[in-house]
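In: Just need the structure, nothing else, for what follows:
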Amino acid sequence: MIRKLMFVFIFIGSFSFAQYERPGSTDAQFLKIGVSARAAGMGGAYIAVVSGAEGAYYNPAALTKINRTDVAFTHSKWFAGINHEFTSVAQTFPQLGTFAISMTALYTDEMNVTTPLQPDGTGETFYSGNYRFGISYARNLTDQVSFGGTVNYINLDLYRGFTANAYSTDIGVLYVTQFHDFRFGMKIANFGTDLKFVNEAYPLPTNFTFGISINAFEIGDQKMLTSFSVVKPNDGKPLGKTGVEWNYRNIFFVRSGYRINHNVATYSAGAGLQVSINDMNVKIDYSLSNFELLGEALRFGLILSF
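Out: Residues are numbered from 1 along each chain as shown. Here you go, the predicted structure:
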């Protein structure tokens with residue numbers, strides 16, 4: 001079963017790598033925006049690292065690493081006053097597996113309606129937003145290999161009467177060893193129906209991702225996690241991501257990352273704090289990502305485990 005699953009991923013991934021570069025040929029680009037402050041701090045090299053409710057986006061197979069209940073929130077200050085939000089709730093049932101629900105939203109502030117005859121505004125206002133709602137399921141295939149998937153409903157609401165909907169599926173696999181917590185992950189994301197506006201239809205930004213992570217060294221109360229991943233989108237060239245995370249006593253974290261072969265995104269950095277309050281584990285994360293001429297994107301994350 002595991003060999004067949006790996007073969008399917010490798011076959012589809014190889015097919016994806018064989019596609020031509022077609023910039024601007026896909027819609028719902030907000031699906032490419034990372035949803036985790038911790039992941040962003042590590043340059044997005046997160047597919048093999050993720051182990052909480054954020055797995056609903058990065059790798060649904062990682063949801064099996066949740067012992068009980070995990071809740072994740074992330075707020076991102078995007079460019080031009082645009083906001084990006086993510087929330088996910090995951091629950092593990094010992095005999096069934098792990099289930100999760102998640103939502104991603106990219107939306108504008110209130111904007112004025114203008115026309116050629118009324119360039120200063122008509123008095124009407126509107127909001128524009130892109131939304132993704134997902135339901136995930138994951139379970140362990142062996143003590144080292146887990147498998148998971150997410151079914152998504154996608155809605156693009158540009159203006160009254162200008163909306164589009166689509167459905168997509170994400171499928172992920174995670175392999176974890178006892179050797180310095182070495183991990184290997186693979187995922188096929190956004191495989192689904194086209195988005196149609198009026199008479200034009202556009203595919204979703206499907207991509208194949210694989211990556212590895214390992215605790216490079218452990219000295220006393222300190223650990224250094226390193227991670228690397230490669231993404232091949234169906235509309236562009238392969239992209240590399242690499243990141244590191246320094247961990248002090250599983251309380252304080254400092255992170256850094258870099259994106260390879262990306263036209264705009266470059267370095268990133270972040271920090272995190274983890275504390276226990278009664279029977280609840282609380283993680284707070286912050287990251288800054290540089291996009292050269294576009295500016296910097298800030299993310300704030302909160303994860304509750306109980």
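In: The stretch 151-300 of the chain: strands as residue ranges?
Out: Along the stretch 151-300 of the chain, counting by DSSP state E, counting those that start in this stretch, strands occupy 162-176, 183-192, 195-197, 200-202, 207-219, 222-233, 239-248, 252-260, 267-277, 280-290, 296-305.
In: The longest one - contacts with which helices or strands?
Out: Put plainly, it is strand 162-176. The contact analysis (3 or more C-beta pairs under 8 Å, 6 or more residues apart in numbering; DSSP states H and E) places strand 162-176 against helix 2-17, strand 129-140, strand 145-159, strand 183-192, strand 195-197. Backbone N, C-alpha and C define where each C-beta goes, glycine included.
In: And stretch 53-69, end to end?
Out: In stretch 53-69, first residue to last residue: 9 Å (C-alpha to C-alpha, to the nearest Å).
In: Oops, could you answer that again for stretch 105-121 instead?
Out: Terminal-residue distance, stretch 105-121 (C-alpha to C-alpha): 26 Å.
In: quick one: contacts of it?
Out: 30, 33, 78, 81-86, 122-132 (C-beta atoms under 8 Å, 6 or more residues apart in numbering).
In: ok, what's across the strand from residue 218?
Out: Residue 218 has these beta-bridge partners by DSSP bridges: residue 223.
In: again with residue 102
Out: Beta-bridge pairing for residue 102 (DSSP bridges): residue 88, residue 134.
In: Now do it against residue 149, distance only.
Out: Applying C-beta to C-beta, to the nearest Å, the value for residue 102 to residue 149 is 13 Å.
In: Just want to know which of these two has more residues nearby.
Out: Neighbour count, other C-beta atoms under 10 Å: between residue 102 and residue 149, residue 102 has more, with 24 against 17.
In: okay, the helices and strands packed on strand 162-176 in TSV with distance to residue 228 and mean pLDDT next?
Out: Putting the helices and strands packed on strand 162-176 into TSV (distance: least, C-beta to C-beta, whole Å; pLDDT from 0 to 100) gives the following:
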stretch	distance to residue 228	mean pLDDT
helix 2-17	16	50
strand 129-140	23	96
strand 145-159	20	94
strand 183-192	11	96
strand 195-197	32	85
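In: Show me the one of these that comes nearest residue 214.
Out: Closest to residue 214 of the helices and strands packed on strand 162-176, according to C-beta to C-beta: strand 183-192, at 7.3 Å.
In: Show me what the closest one is packed against.
Out: For strand 183-192, the packing partners by 3+ C-beta pairs under 8 Å, 6+ apart come out as helix 2-17, strand 145-159, strand 162-176, strand 207-219.
In: relative to strand 222-233, how tilted is that strand?
Out: Angle of strand 183-192 versus strand 222-233, following axes from the mean of the first three to the mean of the last three C-alpha atoms, to 10 degrees, is 30 degrees.
In: Restricting the selection to alpha carbons, write strand 183-192 to CSV.
Out: This file holds the C-alpha atoms of strand 183-192, laid out as CSV (Å, rounded to 0.1, in the frame of the first residue of the first chain):
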residue,chain,number,x,y,z
ARG,A,183,11.1,13.9,8.2
PHE,A,184,10.2,13.6,4.5
GLY,A,185,6.9,15.0,3.2
MET,A,186,5.1,15.2,-0.2
LYS,A,187,1.9,17.0,-1.2
ILE,A,188,-0.2,17.6,-4.3
ALA,A,189,-2.2,20.8,-3.7
ASN,A,190,-5.1,22.6,-5.4
PHE,A,191,-6.0,19.8,-7.8
GLY,A,192,-9.6,20.6,-8.9
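In: And the contacts of that strand?
Out: Contacts for strand 183-192 (C-beta under 8 Å, 6+ apart): 9, 12-13, 16, 28, 31, 47-49, 58-62, 152, 154, 166-177, 204-214, 229.
In: and what of stretch 249-257?
Out: For stretch 249-257, the surrounding residues in contact (C-beta under 8 Å, 6+ apart) are 38, 40-45, 221-222, 241-247, 267-275, 285, 287.
In: For the closest residue to residue 299 other than its chain neighbours, grab phi and psi.
Out: Of all residues not flanking residue 299 in the chain, residue 37 sits nearest, at 3.9 Å (C-beta to C-beta, 6 or more residues apart in numbering). Backbone geometry at residue 37, expressed as degrees, to the nearest 10, gives phi -70, psi -40.
In: which residues does residue 37 contact?
Out: 74, 270, 272, 285-287, 299-301.
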